[in-house]
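> got a predicted structure here, sequence first:
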Amino acid sequence: MIRFEGVGLSYPRSAAMQAGTVPDEAGRRRSDTREILRNLNFFLPDGEFRWLLGPSGAGKTSVLRLLYLAVRPTAGRLTILGADISTLNRTALPRLRRRIGVVFQDFRLLGHLSAFDNVALPLRLAGRPEGALTVDVMELLAWVGLDGRTDARPHELSGGEQQRVAIARAVVARPALLLADEPTGNLDDGQAERLMRLLKELNRLGTTVVIATHNDALVARHPAPALRLDQGRLLSARRN
Amino acid sequence: MAQAIAPNKPSPNKPSPNKPGANKLRRRKNLRPAGFDELGLRRALDDRMLPALVAAMAFLAALGLAGFFVAASLARHWQDGAASTLTVQVPDPGLAMEPGSARGETRRDRVVAMLARTPGVVSARALSDDELNELLAPWIGAGPNNGLERLTLPLPGVVQVRLGATPPKLDELERQLAAAVPRTLVESHQVWIGRLATLARSLQACAGGVLVVVAGVAAAVVAAATRAGLVQRRQAIEIVHGLGATDGYIAGRFTRRTTRLAAIGGLLGATAALPVLLGLAQLGAPFVSGGAEAASAGFPQLPALLWFGLPALPVAAGAIGFVTAQATVRSWLRRLP
Ligand SMILES: Nc1ncnc2c1ncn2[C@@H]1O[C@H](COP(=O)(O)OP(=O)(O)O)[C@@H](O)[C@H]1O
Ligand SMILES: [Mg+2]
């Protein structure tokens, strides 16, 4: 369950400002930070599928960063998988992160590890015994069509293949929430369709899925409810 | 809450088509690959620089440790051994106390008797002529043609006194002795012994200071290496953090390596210091009572505690590597949400 209640997010305006060159008076202080997201309100039940739409710079990545706990809201109240993020102790976040799978725009694979080890990483971090994870990892790699490339390093793989490794890593620990940021940006239409089938299958199996994109053609082919952002505000939480 | 389940999850009633291959792989990868290094620390935490610097620190620490123990034992030696002895000189020792007395008690006998009665005195013993001869041999020579027989100087009698735990007041003792046996002198070594003991204690404190400084520098070296590793592997750390690794897990990956590298450095440094210390002990042996025989037997004597102190150096280095890296990594990680 995900709930945004008046959620806002501000980033520090620049590193120089962060270093404290700006006087600390209340009036001036407002200008050290830039408000990226403003007063977001929506509710997302478990097992839903949502597009996250909006022009470049609208704040889609920022909403996802809130959802995968890379930033905490600077205003309002945010509930993710039933936990109140605004008040949760920092030490409780890692456990929550392990229930969230993320496919990043730039994949964020570990370059010195093989495809197998990259996909196995979430299971190893969760303390899964080595003997019990091989089957899962191999099945996921087969599912994304990479069972022949388990020992390849990311730099030996094409962009599309790297992304499939990233997807396998995102879902291998059977997350309750799956997030993807512009997942089709590096794919041709055929690969993009294949990816959408994978994500929809996951959703059908019960995972809550949120996909940020500005690829209108893709959204048109796969109609689903959408969250629309513009300049950090939510335009609608209704069907596209 | 609907938990997602992995697609194509193998179920007992539906054998997975890729099971044979997976089984083969499972056998191959049954254990976590030895030295699995998801953060890429093998390259980020250099396995030569850190041990080399820590080894240099451990070498200095070994010398400091030896200095500490030697100074401590010297201070103890001077304080316990020499401080409890006293020399009393009696001029004209053979003269009778009372010229007409039949008992024939000499001045020396009287002093010895008085000392023996003094509380705090364990024993008082007059040195024989032979003993005096031996004592003076380095200055006047020994042998049939030398020595006391040829000496026309009137030698005083010497009484050696051993004091107990609560020695008598020395000036008072001297006053009493001189009143009964005029011109008797009490010679205390305490001023000199006090100075030597102070010197030894100061040397010991310096050696202790060296140990503290060396440990601090070793910690700084480990902290610098850890910070360099954090900066270099920042991206990998952020990825692993984002996948749900706890601070303790990430810090553990660093400390596993820093502890080992620092302990190896400590071992190298302590091993390198051992021959140096044995050489110094060999040189110092003639000055230590009983040391000459031990040295000529072929094995120089190190302070016994050093045999515990040297093996402790790699352990201490490892502990510094562990604690410093834990603190450094954990405080760095707090910048991440
Ligand atoms: N780390 C950051 N620090 C400061 N400003 C940021 C940061 N990340 C994004 N922004 C700003 O926030 C706004 C929204 O960015 P983003 O969430 O990436 O939008 P989108 O993903 O929809 O393109 C942009 O104006 C961007 O410049
Ligand atoms: Mg974006």
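Done, it's in. The model shown is predicted, which means the values in this text are computed figures rather than measured ones. Numbering: from 1, shown residues only, chains lettered A, B, ... in the order given. Ligands and ions are numbered 1, 2, ... in the order given.
> what pLDDT does the model give residue 88?
Answering for chain A, as no chain was given. The per-residue pLDDT reported for A:Leu88 equals 92.
> meant chain B actually
Per-residue pLDDT puts B:Val88 at 89.
> with the one 10 residues further on instead?
Residue-level confidence at B:Glu98 comes out at 72, pLDDT.
> look up the closest residue to it, ignoring the ones flanking it.
Once flanking residues are discounted, B:Glu98 sits nearest to B:Glu105: 7.7 Å by C-beta to C-beta, 6 or more residues apart in numbering or on different chains. C-beta: built from backbone N, CA, C; applies to glycine.
> could you check how far the one you found is from B:Leu185?
For B:Glu105, the distance to B:Leu185 (C-beta to C-beta, to the nearest Å) stands at 20 Å.
> ditto for B:Arg201
Note on B:Arg201: its distance to B:Leu185, by C-beta to C-beta, is 30 Å.
> how about B:Ala205?
Using C-beta to C-beta, we find B:Ala205 at a distance of 36 Å from B:Leu185.
> residue ranges with poor pLDDT in the chain?
Assuming you mean chain A. Scanning chain A for pLDDT under 70 picks out A:14-31, A:236-240.
> hm, I was asking about chain B
Along chain B, the parts satisfying pLDDT under 70 run over B:1-35, B:80-83, B:99-103, B:137-153, B:286-300.
> ranges for the strands of it?
B:85-90, B:121-126, B:157-163, B:185-188 (DSSP state E).
> stretch B:330-337 spans what distance, first to last residue?
The straight-line separation of the ends of stretch B:330-337 (C-alpha to C-alpha, to the nearest Å) is 13 Å.
> how near is the residue in chain B that ligand 1 sits nearest to to A:Pro73?
Per C-beta to the nearest ligand atom, B:Pro337 is where chain B lies closest to ligand 1, at 12.2 Å. Counting by C-beta to C-beta, the gap from B:Pro337 to A:Pro73 is 11 Å.
> just A:Glu161 next, same as before
Taken as C-beta to C-beta, the span from A:Glu161 to A:Pro73 is 35 Å.
> same thing with B:Gln79?
Counting by C-beta to C-beta - B:Gln79 and A:Pro73 are separated by 69 Å.
> okay, the two: which has more neighbours?
Taking other C-beta atoms under 10 Å in any protein chain shown, B:Gln79 and A:Pro73 do not tie; A:Pro73 has more neighbours (19 against 16).
> excluding sequence neighbours, find me the nearest residue to that one.
A:Val7 is the one closest to A:Pro73 (C-beta to C-beta, 6+ apart), at 4.7 Å.
> who are the packing partners of the helix or strand in which that neighbour is found?
Assignment of secondary structure by DSSP states H and E places A:Val7 within strand A:2-12. Strand A:2-12 makes packing contacts with strand A:33-44, helix A:60-67, strand A:75-80 when contacts are defined by 3 or more C-beta pairs under 8 Å, 6 or more residues apart in numbering or on different chains; DSSP states H and E.
> just say which of the ones you listed is most tucked in.
Most buried of the helices and strands packed on strand A:2-12, by mean neighbour count (mean count of other C-beta atoms under 10 Å in any protein chain shown): helix A:60-67, with a mean of 22.
> can you tell if that one touches ligand 1?
Yes. For helix A:60-67, a contact with ligand 1 is found by C-beta under 6 Å from any ligand atom, at A:Lys60, A:Thr61, A:Ser62.
> before we move on, what SS does A:Val102 have?
Secondary structure, DSSP: H, G, I helix; E, B strand; the rest coil: A:Val102 is strand.
> and the gap between it and chain B?
7 Å (C-beta to the nearest C-beta, to the nearest Å).
> what sits against that residue?
Contacts for A:Val102 (C-beta atoms under 8 Å, 6 or more residues apart in numbering or on different chains) come out as A:Leu64, A:Tyr68, A:Ala170, A:Leu178, A:Leu179, A:Ala180, A:Asp181, B:Gly242.
> for the stretch 101-250 of chain B, what lies in contact range of chain A?
Contact residues (C-beta under 8 Å from any C-beta of the partner chain) of the stretch 101-250 of chain B with chain A: B:Gln235, B:Ala236, B:Ile239, B:Val240, B:His241, B:Gly242, B:Leu243, B:Gly244, B:Ala245, B:Thr246, B:Asp247, B:Tyr249.
> show me which pair in those residues is furthest apart.
Taking C-beta to C-beta, the two most distant members of these are B:Gln235 and B:Thr246; they sit 18.7 Å apart.
> between those two, which one's more packed in?
B:Thr246 (17 against 12).
> my guess is that one contacts A:Pro94, does it?
Yes. B:Thr246 is in contact with A:Pro94 according to C-beta atoms under 8 Å; the separation is 4.5 Å.
> between those two, what contacts are shared?
Common contact partners of B:Thr246 and A:Pro94 (C-beta under 8 Å, 6+ apart): none.
> list the contacts for the spatially most central residue of chain A?
Geometric centre of chain A, nearest residue: A:Leu179, 3.4 Å, by C-alpha atoms, centre = their mean. Contacts for A:Leu179 (C-beta under 8 Å, 6+ apart) come out as A:Leu64, A:Leu67, A:Tyr68, A:Ile100, A:Gly101, A:Val102, A:Val103, A:Val209, A:Val210, A:Ile211, A:Ala212.
> pull out the buried members of those.
The neighbour-count test (16 or more other C-beta atoms under 10 Å in any protein chain shown) marks A:Leu64, A:Leu67, A:Tyr68, A:Ile100, A:Gly101, A:Val102, A:Val103, A:Val209, A:Val210, A:Ile211, A:Ala212 as buried among those.
> quick one: residues contacting A:Ile80.
By C-beta under 8 Å, 6+ apart, the contact set of A:Ile80 is A:Ile2, A:Leu67, A:Leu69, A:Leu96, A:Ile100, A:Leu177.
> the third one - that's part of a strand, no?
No. Judged by three-state DSSP, A:Leu69 forms no part of a strand; its state is coil.
> what about it, neighbour count?
Close neighbours of A:Leu69, defined as other C-beta under 10 Å, add up to 21.
> that one and ligand 1, how far apart?
From A:Leu69 across to ligand 1, the span is 15 Å (C-beta to the nearest ligand atom, to the nearest Å).
> next one: that residue from A:Leu123, what distance?
From A:Leu69 to A:Leu123 the distance is 19 Å (C-beta to C-beta).
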